[in-house]
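Peer 1: whatever this is, show me its structure:
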Amino acid sequence: MTIGVITKIRLFSSKNRIIGCRRKILSSILSMMLTALILSTICTSKTQGQDQVLNVEITVTGDKIGEIDPKIYGHFIEHLGRCIYGGVWVGENSKIPNLRGLRLDVLEAVKEIEPPIIRWPGGNFASGYHWKDGIGPRDKRPRRPNPAWGGVESNQFGTDEFIDFCREVGAEPFIVVNMGSGTSQEAAEWVEYCNGNLNTTYGRLRAEYGHPEPYNVKYWMLGNEMYGEWQIGHMDADTYAKAAVDFAKAMREIDPSIKLIAVGWFGTSGEPLYWNKKVLEVAGDYIDYLSLHTYCWKPKPDDYFTIVNYPLNVERDLNEVVKLINSVLKDKPGREIKIALTEWGIWHANATAELTQTVRLCDGLMAAGMFHVFHRLCNNVTMANFAQLVNVLPAIVTNNRGEMYVNPIYLAFKLYRHNTGKIVLKTSTKGASINILDVSATMDEEGNYLYLAVINKHPYMRMNATITLTDFKPKPVCKESQLNGPDIFSKNDFKAQDVVKITTKYVTLNISSGIFTYMFEPHSATILMLERITSITSPTPEIEETTTTTSEIPVFQETPLIIGGITIIIILIILLFIRVRKSLF
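Peer 2: Coordinates of the predicted model:
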């Protein structure tokens, strides 16, 4: 082989190596650019979404659905964990400020949300509780094992203390009798202790213990979850239905005016359906309410939409129970049995043995959604009790150092309790499904004020709503009250008690022929209070947060993703540099 040929072969090989090197460099550059593009899209799509707007339409008509019973904003306290002891009750000798043993900061917080009714003593605890252990001088009351939840029950908080608590916060007392280990006679005697006059045995005993005036407890529940194997003295549907009749007769013999709530089973098929049907058929003439319990049960911590849309599942099942009640009562004109959702809430998987848990903004939005369901079903759901008021799956959280904070569920109660009318109006929406946009409109009885409640469930997009009021001409200035926080999982705690909060401001609207536009922030529950032009009086703001504020633009939690993306890009650049050096040298 000649030198010329060898030279040509070497030149050709060198040229191929250069071309191959260039191809590798180009391939690497394209790969890096594609990776960066994907990462950029992931990292910025949601934050860019914050600048995007979802256009929707909301129409409020003058058609009336029904009237809200204020008892839907009720609560529940039980002898479990630190709900009673350390929550509601600290005792008169405690260093923590108290009023006759009732914890003062909790009293004040509860008064702010004006609970119309409070349920007690349980819960599972009710099925093992004997009320006579909790009356009389506190230093003489027996200590008993807590058969439902473990530990020891001191009985320092009993019937008289519960009534005192209800009177202090302005709530109607609601008592659950023991159908697990108790008898109908014991339940009837409890009614007499609470409602009997001085001519009765237990009425005189109540007076002897310092309470001469009858308590007039109106609402009584016949046991708790008696269908459940976890319940003391649990029984089948046929046995419970007959027992409920026996208890009802005995209790009404003492006070015919009381309202009775029977145990129902939340569900629409199988055992729950059979249970509810049997109770309605056998005990229907003796009861005023069918009780149901439901919890958003241990959702995945980051499953935002499962949490905020849980109320829609509840609404679907409640509608089926309404149909069942109507079918059983169809041949009994004038007879009514309402639904009492005597326990509802969210039960996270990380709840402790004492059922303490972290409550976040998404849980508060779930509570707001539940209120919307109660509004839409106002003709059938006339009582509800959030589980529970203090420390247990809570709305209010305390510690033994005398500190307290409120969480987003409490704030949802505060928002709606102070900004909702009695009359529910029909609404319709376009541009977003109820999974993203949930609307409720209410009006006061005089027709002067309209309250438009809007839940924007979208985690990062604002909603530009075109709102049409077909039968209401509002003044141009309205009050906005908004529940929100920096992101969907924001929370309050002892160190940062105001991360999630209610803000208020007054806004001037540009209204034309009953139509105006309004921007609703992401992951928020907002209520607009509109005053009719013909109204004579002006509203006095009912909530304390009267400072005009502008809601901050929420920031979706993207920091870990952005850092990861930047790290990958840096690694790709280093690898590219190494490949180029090897190819060239």
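Peer 1: so what does residue 512 have for phi and psi?
Peer 2: Residue 512 has phi and psi values of phi -140, psi 120 when expressed as degrees, to the nearest 10.
Peer 1: so where's this protein shaky on pLDDT?
Peer 2: Low-confidence segments of the chain, defined by pLDDT under 70: 1-51, 535-585.
Peer 1: let me see the domain layout of it.
Peer 2: Following automatic domain parsing, one finds the domains of the chain at 47-66+423-554, 69-417.
Peer 1: most neighbours per residue, which of these?
Peer 2: For those, the largest average neighbour count (mean count of other CB atoms under 10 Å) is found in domain 69-417, namely a mean of 20. Where you see a C-beta, it was placed from the backbone N, CA and C, and this is true even at glycine.
Peer 1: what secondary structure does residue 367 sit in?
Peer 2: helix (DSSP: H, G, I helix; E, B strand; the rest coil).
Peer 1: report the contact partners of it.
Peer 2: Contacts for residue 367 (CB atoms under 8 Å, 6 or more residues apart in numbering) come out as 386, 408-409, 412-413.
Peer 1: rerun that using 10 Å as the cut-off
Peer 2: Remark: with contacts taken as CB atoms under 10 Å, 6 or more residues apart in numbering, residue 367 is in contact with 308, 311, 344-346, 359, 386, 395, 408-413, 415-416, 483, 525.
Peer 1: which of the residues you listed fall within helices?
Peer 2: The members of the contacts of residue 367 that map onto helices under DSSP state H are 308, 311, 408-413, 415-416.
Peer 1: for the residues you listed, give me JSON lines that also has distance to residue 248.
Peer 2: Converted to JSON lines, those look like this (distance: CB to CB, whole Å):
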{"residue": "308", "distance to residue 248": "39"}
{"residue": "311", "distance to residue 248": "32"}
{"residue": "408", "distance to residue 248": "39"}
{"residue": "409", "distance to residue 248": "33"}
{"residue": "410", "distance to residue 248": "35"}
{"residue": "411", "distance to residue 248": "38"}
{"residue": "412", "distance to residue 248": "35"}
{"residue": "413", "distance to residue 248": "32"}
{"residue": "415", "distance to residue 248": "38"}
{"residue": "416", "distance to residue 248": "33"}
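Peer 1: between those residues, which is nearest residue 63?
Peer 2: Proximity of the ones in helices among the contacts of residue 367 to residue 63, judged by CB to CB, is greatest for residue 416, which lies at 21.5 Å.
Peer 1: that closest one and residue 527, how far apart?
Peer 2: 7 Å (CB to CB, to the nearest Å).
Peer 1: overlap in contacts, the two.
Peer 2: Both residue 416 and residue 527 are contacted by 368, 440, 442, 451, 453, 481, 483, under the criterion CB under 10 Å, 6+ apart.
Peer 1: what helix or strand is the nearest residue to residue 350 once chain neighbours are set aside on?
Peer 2: Taking CB to CB, 6 or more residues apart in numbering, and ignoring the residues beside it in sequence, residue 350 has residue 357 as its nearest neighbour in space, at 6.3 Å. Using DSSP states H and E, residue 357 sits in no helix or strand.
Peer 1: and residue 340, by the same measure?
Peer 2: Under the assignment given by DSSP H and E, the secondary-structure element containing residue 340 is strand 338-347.
Peer 1: next, the angle helix 408-417 makes with that strand.
Peer 2: 140 degrees (axes from the mean of the first three to the mean of the last three CA atoms, to 10 degrees).
Peer 1: make sure residue 180 is indeed in a helix.
Peer 2: No. The secondary structure assignment for residue 180 gives coil rather than a helix, going by three-state DSSP.
Peer 1: how close does it sit to residue 169?
Peer 2: With distances defined as CB to CB, the gap from residue 180 to residue 169 amounts to 28 Å.
Peer 1: one more: residue 115?
Peer 2: From residue 115 across to residue 169, the span is 6 Å (CB to CB).
Peer 1: so what sits against both of the two?
Peer 2: Taking CB under 10 Å, 6+ apart as the contact definition, residue 115 and residue 169 share the neighbouring residues 75, 389.
Peer 1: partners of the longest strand along the chain, with directions?
Peer 2: Counting residues, the longest strand in the chain under DSSP state E turns out to be strand 53-67. Looking at strand 53-67 with DSSP bridges, its partner strands are strand 423-430 (antiparallel), strand 462-469 (parallel).
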